[in-house]
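> Following is a predicted model, sequence given first.
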Amino acid sequence: IPRGSPEYETLRGWIAAGAPVGRSDEAGVPALARNAAGAAALAALTCDGVAGNLAPLTGAAGGRLLGHIAPGDGRNWAKVAAWLADQTGEYPRVDRAASLPLSLAQRRLWFLAQMQDSAAYHISGAARLRGVLDEAAVSHALAAIVARHETLRTAFVAEDGEPRQVVLSHGNITIEQGVAEDEAAAHARCAAHVAQPFDLTAGTPVRVLLLRLGDDDHVVQVVMHHIVSDGWSVGVFLDELSQGYAAARAGTQPDWAPLAVQYVDYAAWQSQWLARGQLERQATYWRTRLAGAPVRLDLPTDRPRPAV
């Protein structure tokens, strides 16, 4: 994030307002850190040393970023919240009965999916399960996760050429089951499962594969389209699958705190925020920064560049 850019100044003001950075507490993460772009921006600012007292963020395999905003003792948060509200406004709670806008990141992925649903945008994770497996409990846990996360039961449709998202009242997730003779066969089956295309209009942007390697040995794999998920989300999904499975086995409900907002609320907020002049302000900044830049780069290549 270049110095002086709108993104840089927004986050710089956030930190200057008193938000402590660098702890791994998940509670109290403000809006700008709830997505990969926000986390990356915080990482860039951390490396740049803004405010001079920032601890380094920590990355882990699978895209889980632990450099969250720490909740702290509350003394600075009123000031931070007031500053953020002035910069961005509050999250709206949008009407689920209407078709709703996509976030900018979702629009990019939707556009790419119209040309070809590439497995490059399929996010997957798997876990090895040892012991006797209760398949009914797995089904109950999956149903609970889809009911909890609206994005996992969202259809992406086109209205007059514009992408919109529709949250379905009920999700429909099925478990594809199979038998693998050995680990090599399991790896091959999982790879094929990842490569299967998604129909984003169907409202099922997630699927699950359950492979049996033995009576007490299974592999469960979850695959989600990147339009509703990222690497961090896979870890959340598998964690909640474990919790939901344990609850189902015990005959109880998972002890999950209600979600105050969902991603569709963020997408609607972003659309309104950009409409208030933020998009034009950022576009103006980049037009100014890139004024006079070369139309193309003449880089040495091993083959002639074709005419455009």
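That came through, no problem.
> Output the contacting helices and strands for the longest helix along the chain.
For the chain, the longest helix by residue count, based on DSSP state H, is helix 231-250. Packing partners of helix 231-250 (3 or more C-beta pairs under 8 Å, 6 or more residues apart in numbering; DSSP states H and E): strand 64-65, strand 122-130, helix 135-148, strand 217-225. The way it works is simple: take the backbone N, C-alpha and C, and place the C-beta from them, glycine included.
> ok, and what's touching the longest one?
In this structure, residues lying in contact with helix 135-148 by C-beta atoms under 8 Å, 6 or more residues apart in numbering are 152-153, 171, 173, 175, 206, 208, 210, 220, 237, 240-241, 243-245, 247-249, 253-254, 256, 259.
> what comes up buried for stretch 144-154?
By neighbour count with 16 or more other C-beta atoms under 10 Å, stretch 144-154 contains the buried residues 144-146, 148-154.
> Strands of this protein, residue ranges please.
21-23, 59-60, 64-65, 68-69, 122-130, 154-159, 162-167, 175-179, 206-214, 217-225 (DSSP state E).
> Please identify which of the ones you listed is closest to residue 282.
strand 162-167 (20.9 Å; C-beta to C-beta).
> Just the CA trace of the closest one, in PDB.
Taking Å, rounded to 0.1, in the frame of the first residue of the first chain, the C-alpha atoms of strand 162-167 are listed here in PDB:
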ATOM      1  CA  GLU A 162     -25.400  -7.100 -13.300                       C
ATOM      2  CA  PRO A 163     -24.400  -9.700 -10.700                       C
ATOM      3  CA  ARG A 164     -26.500  -9.900  -7.600                       C
ATOM      4  CA  GLN A 165     -26.600 -12.300  -4.700                       C
ATOM      5  CA  VAL A 166     -29.700 -13.900  -3.200                       C
ATOM      6  CA  VAL A 167     -29.600 -15.500   0.200                       C
END
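> hmm, who's touching it?
Residues contacting strand 162-167 (C-beta under 8 Å, 6+ apart): 96, 99-102, 106-107, 110-111, 150, 153-158, 203, 262, 264, 267.
> And stretch 101-108, by the same measure?
35, 37, 110, 156, 163-165, 227, 263, 266-268, 270-271, 274.
> repeat for stretch 226-242
Here stretch 226-242 has contacts from 35-36, 62-65, 106, 109-110, 113, 121-125, 127, 138, 141-142, 144-145, 148, 151-152, 154, 156, 200, 205-206, 220, 222, 224, 254, 256, 263, using C-beta under 8 Å, 6+ apart.
> Of those residues, select the buried ones using a PyMOL command.
The PyMOL command for the buried members of the contacts of stretch 226-242 (criterion: 16+ other C-beta under 10 Å) is given here:
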select buried, resi 35+63+64+65+106+109+110+113+121+122+123+124+125+138+141+142+144+145+148+151+152+154+156+200+205+206+220+222+224+254+263
